[in-house]
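Undergrad: Need a 3D model of the sequence below.
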Amino acid sequence: MTVAQRRGRRIMMTDAERDTYLAEQRTCRVATVSPEGMPHVGALWFVWDGTSVWLYSLTRSLRWAQLRHDPRVAVVVDDGQEYGELRGVELSGEVSFVGEIPRTGEDCAELEHPERLFAAKYLGLASLPHDERHAWLRLTPLAVRSWDFRKLSGPA
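TA: Okay, here's the model as predicted:
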């Protein structure tokens, strides 16, 4: 799902480029807001299944408490050092809480795929061990914006 961007169409990633990029990247930044309106941004590992961003978050974190109060979130994945190397994806919407809290490993068909992806990506395992401290958040974005400044040096 890609929301049309008014500016930067030349540097916008295609859906295939976005999916490949999100599958390769390891860390995202998650922005939440407190009941008083104070923003909070924290780094987190994630997986992308082609439709949703899955976040495996500590349930005793500021992020978790803020999302319980207000499930609106923005997630940014980006990289690059020099201006012409900058690229990234911003996804925003509302998270949903999936599975038991905290996650103990009870059967949950909805979590089978993201847990396999996460275990392989970060732990090199076939299945995810559960520490009873984390639980799953799913963001199926309402808006997706992307940029790849490397496209500026290529043909128009």
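Undergrad: Pairing partners for the longest strand seen in the chain, with directions?
TA: In the chain, with assignment by DSSP state E, the single longest strand is strand 87-98. Applying DSSP bridges, strand 87-98 is found paired with strand 72-79 (antiparallel), strand 134-139 (antiparallel), strand 143-148 (antiparallel).
Undergrad: P102 is nearest to which of those?
TA: Checking the strands paired with strand 87-98 against P102 by CB to CB gives strand 134-139 as the closest, at 5.0 Å. C-beta here means a position set from N, CA and C on the backbone, and glycine is covered the same way.
Undergrad: Quickly list what the residue nearest the centre of the chain is bridged to.
TA: Against the mean C-alpha coordinate of the chain, by CA atoms, centre = their mean, the closest residue is V53 at 4.2 Å. Judged by DSSP bridges, the bridge partners of V53 are W48, L139.
Undergrad: So which bits of the longest strand of the chain are buried?
TA: Residues of strand 87-98 classed as buried: R87, G88, V89, E90, L91, S92, G93, V95, F97, V98 (neighbour count, 16 or more other CB atoms under 10 Å).
Undergrad: Thank you kindly, that will do.
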